[in-house]
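# Provide a 3D model corresponding to the input given below.
(one chain, ligands or ions: 1)
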Amino acid sequence: MPVSVAIVGSGPAGFYTADALLKSDADVRIDIIERLPTPFGLIRDGVAPDHQTTKKISAKFGHTALRDEVRFYGNVKVGRDVGLAELRRIYDAVVLCVGAPLDRALHIPGEDKSGVYGSAAFVGWYNGHPDFRDLDPDLNTSAVAVVGVGNVAIDVARVLVKTKAEMAASDLPEYADRVIRASPLTDVHVLGRRGPVEAKFTNVELREMGRLEDCVPVVDPAQLPDGVGDLPDRDLRLKEKNLATLREFAGRGSEDKAKRVHFQFYAAPVEILGGDRVEGLRLERTRIDGGRAVGSGEFFTIECGVVIAAIGYRAGPIEGAPFDADRHIVSNADGRIDEGLYAAGWIMRGPTGVISSNRADGVTVAERIRADFPQGIKPGREAFDTLLGERAVRHVSYAEWQKIDAAEVGNATPPAPRRKFVTIKEMLAVLDDTAARRSVG
Ligand SMILES: Cc1cc2nc3c(=O)[nH]c(=O)nc-3n(C[C@H](O)[C@H](O)[C@H](O)COP(=O)(O)OP(=O)(O)OC[C@H]3O[C@@H](n4cnc5c(N)ncnc54)[C@H](O)[C@@H]3O)c2cc1C
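Below you'll find the model as predicted:
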């Protein structure tokens, strides 16, 4: 009997795990269970809408989904439509690949004011994630502060300052485009507690900020150290490149561009100012002591109408799985949680790294499953289908996702690659319309 595996979550970790299981020559049946009707996790909903090349990896995952051994069950949420304990009863192995979708808080006074957003929500909004379609951020402000100096902070800043022409080949939803175009925004402040060497952005993303049509990067040369200090070889090259890019930025003038992205280092937010709405951000100058930012006692204020915290993500507890509340991940030892229960990707090791960083997790878990289950003993798919049928769960197959995909692509005005459906209702309506046409025809 084949080993039955349920993978919960269809982001990179889910697909890399499926891929590794298929490559292992094990006799497996893999069901990928995804809460949205759309697959691919943050590739669709996190990677920036103007970085379409990065999203192309989903085509490779699509091949995996179409393998005979694999079935996709979209629109099925574990914890709502089916319990984890139920899955464990039905499948030999269950792999949690549900990511880390929650924002980390700034934990400073004023965080509850209107105009403060976490990057998970804000990025979800401009990417058309159904959970955040109604976020409706008020961008009626000339200045936005983005707290964080990683790639997500840069993505947010870039999407806010790019021109309509620069976003033409993106899949930015129309509602987000309208709000961004109507905004009088001129200045985005990208703020890091630590220095340029400690900043996490990759060089390609940073350099892109110097090539924007109507926006110039602003860097204070006094904040740039002479060198990057002692670092391991791999880090050294990246940090040297970043420093060189920032030096180049620091030497530039306004270039008659309407917008500016200010990179401010050594600045720790201490309070969000204003009444009900954000009116500014108070920060403390820091210095680096043993790699950590320590306050200097000197404070300053940036006037801004919006604060976006791009300081990282965290996972939430999953009913039926032990949770490490300090690390905000599921408690696990190298991907193993309990007998027949595993985890991969951000839920397993925290929200770090790029898409391909999740590949190794998938390989590790696949090896463990193979070692733990020479053959299957539980019914898997058949019992799952019965359960979904009894509960009348409207699940979306991979072929149905392909119809949604085709409709999104068909609705786009080139060079936009697709016009995303942004509610689950709209997505399911595409399928029901197709079914209705078929029955009429
Ligand atoms: C804003 C942002 C931009 C990024 N940009 C890039 C980039 O340009 N290049 C790059 O290489 N990396 C990028 N990354 C990193 C990359 O996206 C992650 O490494 C990767 O997506 C993590 O994979 P994952 O499978 O663990 O989680 P996710 O991609 O989050 O996938 C988790 C999946 O599980 C599903 N799920 C959650 N709960 C349930 C449930 N209860 N039942 C069923 N399904 C569930 C979710 O809907 C989702 O589809 C970015 C990350 C972010 C946050």
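# Spell out the secondary structure type for the nearest residue to Tyr398 once chain neighbours are set aside.
Taking Cβ to Cβ, 6 or more residues apart in numbering, and ignoring the residues beside it in sequence, Tyr398 has Phe72 as its nearest neighbour in space, at 3.9 Å. The way it works is simple: take the backbone N, C-alpha and C, and place the C-beta from them, glycine included. Of the three states, Phe72 takes strand according to DSSP: H, G, I helix; E, B strand; the rest coil.
# ok, what's across the strand from Phe72?
Residues in a beta bridge with Phe72, per DSSP bridges, are Ile32.
# now do Val28
In this structure, Val28 has the following beta-bridge partners (DSSP bridges): Val3.
# where does the stretch 201-350 of the chain have low pLDDT?
Counting by pLDDT under 70, the stretch 201-350 of the chain contains no low-confidence range.
# separation between whichever residue of it sits closest to the ligand and Val365?
Using Cβ to the nearest ligand atom, the point where the stretch 201-350 of the chain gets nearest to the ligand is Gly345, with a distance of 2.4 Å. Using Cβ to Cβ, to the nearest Å, one gets 9 Å for the distance from Gly345 to Val365.
# Asp136 - how many residues pack around it?
Look at Asp136: counted by other Cβ atoms under 10 Å, it has 10 neighbours.
# wait, what's in contact with it?
When contacts are counted by Cβ atoms under 8 Å, 6 or more residues apart in numbering, Asp136 is found next to Val179.
# three-state assignment of it?
Under three-state DSSP, Asp136 comes out as coil.
# Could you pull up phi and psi at it?
Backbone torsions for Asp136, taken as degrees, to the nearest 10, come to phi 50, psi 60.
# ok so, going back, how about the contacts made by the residue of the stretch 201-350 of the chain closest to the ligand?
Gly9, Gly11, Pro12, Ala13, Gly14, Tyr16, Cys97, Gly99, Asn358, Asp361, Gly362.
# pLDDT score assigned to the residue nearest to the spatial centre of the chain?
The residue at the geometric middle of the chain, judged as the C-alpha nearest the mean C-alpha position with Cα atoms, centre = their mean, is Gly46 (3.3 Å). Confidence per residue is given as pLDDT, and for Gly46 that number is 98.
# Please tell me I have it right and it contacts Val123.
Yes. Counting by Cβ atoms under 8 Å, a contact exists between Gly46 and Val123, whose distance comes to 5.9 Å.
# Quickly list what's touching both of the two.
Shared between the contact lists of Gly46 and Val123 (criterion: Cβ under 8 Å, 6+ apart) there are no residues.
# So which bits of the stretch 1-150 of the chain are right by the ligand?
Residues of the stretch 1-150 of the chain lying close to the ligand by Cβ under 6 Å from any ligand atom are 8-14, 33-36, 41-42, 46-47, 51, 54, 77-79, 97-99, 101, 123.
# Just the ones in strands from those residues, please.
Helix and strand membership here follows DSSP state E; of these, those in strands are Val8, Ile33.
# what about burial for the residues of the stretch 1-150 of the chain next to the ligand, which qualify?
8-14, 33-36, 41-42, 46-47, 51, 78, 97-99, 101, 123 (16 or more other Cβ atoms under 10 Å).
# Looking at the stretch 151-300 of the chain, what residue ends up closest to the ligand?
Ranking the residues of the stretch 151-300 of the chain by distance to the ligand (Cβ to the nearest ligand atom) places Val152 first, at 4.5 Å.
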